[in-house]
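Q: let's see this in three dimensions:
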Amino acid sequence: MPGMSWPAVCRPETARSIAVLNQMLYSQWWTENEVKAAQHRQLIQLLRHAFAHVPFYRDRLRDLSKSNTLDEFQQAWQELPLLSRSDIQDHGPDLQAATLPDGHGPGTWSETSGTSGKPVRVLLSALYMGLQAAGNLRGYYWRQWDFGNRFACIRADKKNKAHYPDGTAVKGWGSIIAPIFRSGPGYYLDIHTDPSLQAEWLSRREPDYLMTYASNAMHVAQYCLDHDIRVESLKSLELVSETVTPEIRAVCEKAWGARVFANYGTREAGTVALECPDTGVYHTQAELVLVEVLHDDGRPCAVGETGRVVLTPLHNFAMPLLRYDIGDYAEVGEVCSCGRGLPVLRRVHGRQNELLHLPNGERFWLPFHGEVLTAVAPVRQYQIIQHGLDDIEVRLVVDGELSPDQEERLTARLQEDFRHPFPIRYTYVPSIPRSAGGKYQIFVSKIA
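A: Numbers count the residues shown, from 1 in each chain. As a prediction, the model looks like this:
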């Protein structure tokens, strides 16, 4: 606040974020059972509000409202139908609360990028946005980022101001950090900028830290490797919005020698999980969101099993999302050796439409093929699309079409990773654009 140098006095909205952050830095060391008990208490508050004030849930929650014991509640909870994307799209007004508790409002609309289909719009309360800010602050603490250093962010430019060659320069790191901490300069660039120009911009801005989408980091890092461009100032990266594969992580570390941290989040629910700074697994942000990983028949997955990710943000009373099937898949992990009691996801695999389908019914996520393709030919960009069980299209951006011998060798290598001798056809295109939200899908399945 003006006139306050020491001790520091924050404005009410930022003081709330700091208070929550301090609680989260403490509660992360609770036992797994203590975390679950606290989640249950908050979930009861959310359900009472949804039952009383959200028309969509009045029938869905009747059985839960009759539960008298914890066992009865857990049984009724597991029988509660999952909330789908189409539910939100078709019943948006009925999912909005007629009223909010004091201090929760106002609400702000958040919209998904629409990469996997029609966009989803969700109303987020001001309180929930503040809690999310606290969760993101904890991520900075885990990564030990020094707020006095230089920060760069390459994401979708909604304000249409962060164009190359300068991008946008600000005094602080953005809306989360600037109201609380004095910080070094922040630099922003539109993610739709060509990777070659992004590489030049990074080498000129010399940031200590970079936040961007996983696929974008891969393309820029690969360009830096291919053209011997160094960004020696870069110490650490936070990769967001897309799945961070081991191959993407390896390319970034090879190009820049920087530590890579993954952030798993969604527009609808905010930050869901952050990479553990000690072990590399994902810790779900249990204070903010209840994360379930389920088999297709609804059974909870055990440690080591992979299932669909189902989310319940615990504090967004403006538009409660109860058991929201986000469309992602993840693998459940064991309790982390770091000592934090926050639930663990060992891996986040990606969306259902990123699964390769084999004729025998098997499905799996493909590995990253960047180095495989560049070893055969100077491929600058690629995308693999499965149109059917016997139809694979590989879109390539190259300086010149591949020779028949190069196509044959590339087909043999891809079929090895596909685990099946799919017929592969190549389409040569001038570019493969990102979505309006900046996302880029390396593999897309058109199979329902």
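Q: assign a three-state SS to residue 204, would you?
A: helix (DSSP: H, G, I helix; E, B strand; the rest coil).
Q: tell me how far it lies from residue 234.
A: Counting by CB to CB, to the nearest Å, the gap from residue 204 to residue 234 is 13 Å. All C-beta atoms are positioned from the backbone trio N, CA, C, and that covers glycine.
Q: pull the longest helix from this protein.
A: Determined from DSSP state H, the single longest helix within the chain is helix 32-53.
Q: counting contacts, what elements does it pack onto?
A: Helices and strands touching helix 32-53, by 3 or more CB pairs under 8 Å, 6 or more residues apart in numbering; DSSP states H and E, are helix 62-65.
Q: who are the packing partners of the helix it packs on?
A: Partner elements for helix 62-65 (3+ CB pairs under 8 Å, 6+ apart): helix 32-53, helix 70-79.
Q: what's the closest of those helices to residue 219?
A: helix 32-53 (37.8 Å; CB to CB).
Q: what angle separates the closest one from helix 70-79?
A: 70 degrees (axes from the mean of the first three to the mean of the last three CA atoms, to 10 degrees).
Q: now do the helix or strand harbouring residue 134: which elements does it pack against?
A: Using DSSP states H and E, residue 134 maps to helix 126-143. Judged by 3+ CB pairs under 8 Å, 6+ apart, the packing partners of helix 126-143 are helix 12-27, strand 107-111, strand 236-240, strand 259-266, strand 270-275.
Q: how about 7 Å then?
A: Under the contact criterion of 3 or more CB pairs under 7 Å, 6 or more residues apart in numbering; DSSP states H and E, helix 126-143 touches helix 12-27, strand 270-275.
Q: output the shortest one as PDB, nothing but the C-alphas.
A: To tie it back to what came earlier, the one meant is strand 270-275. Below are the C-alpha coordinates for strand 270-275, written out as PDB (Å, rounded to 0.1, in the frame of the first residue of the first chain):
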ATOM      1  CA  GLY A 270      -7.200 -23.600 -13.000                       C
ATOM      2  CA  THR A 271      -4.000 -25.300 -11.800                       C
ATOM      3  CA  VAL A 272      -4.700 -29.000 -11.100                       C
ATOM      4  CA  ALA A 273      -1.200 -30.300 -10.400                       C
ATOM      5  CA  LEU A 274       2.400 -29.100 -10.200                       C
ATOM      6  CA  GLU A 275       5.600 -31.000 -10.700                       C
END
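Q: pull the residues that contact it.
A: 132, 135-136, 139, 142, 261-266, 282-285, 288-289, 291, 311, 345 (CB atoms under 7 Å, 6 or more residues apart in numbering).
Q: where in the stretch 101-250 of the chain is pLDDT low?
A: Counting by pLDDT under 70, the stretch 101-250 of the chain contains low-confidence residues at 113-117.
Q: apply 90 and report the result again.
A: 105-107, 110-120, 156-161, 170-182, 215, 218-219, 222, 226, 241-248 (pLDDT under 90).
Q: where along it do the strands fall?
A: Remark: strands assigned in the stretch 101-250 of the chain by DSSP state E, counting those that start in this stretch are 107-111, 121-125, 151-155, 168-170, 186-190, 209-213, 236-240.
Q: now the stretch 301-448 of the chain
A: Under DSSP E, counting those that start in this stretch, the stretch 301-448 of the chain gives strands at 306-313, 324-332, 344-351, 355-357, 363-365, 379-388, 391-398, 424-428, 443-445.
Q: look up phi and psi at residue 390.
A: Here is the backbone geometry of residue 390 (degrees, to the nearest 10): phi -130, psi 30.
Q: ok, and for the longest helix of the chain, which residues are buried?
A: Using 16 or more other CB atoms under 10 Å as the test for burial, helix 32-53 gives 35, 39, 42, 43, 46, 47, 49, 50, 51, 53.
Q: now do stretch 355-367
A: Quick answer for stretch 355-367 (16+ other CB under 10 Å): 355, 356, 357, 365, 366.
Q: equivalent analysis for stretch 283-298, please.
A: For stretch 283-298, the buried set under the neighbour-count rule, 16+ other CB under 10 Å, comprises 283-294, 298.
Q: understood, closing this out.
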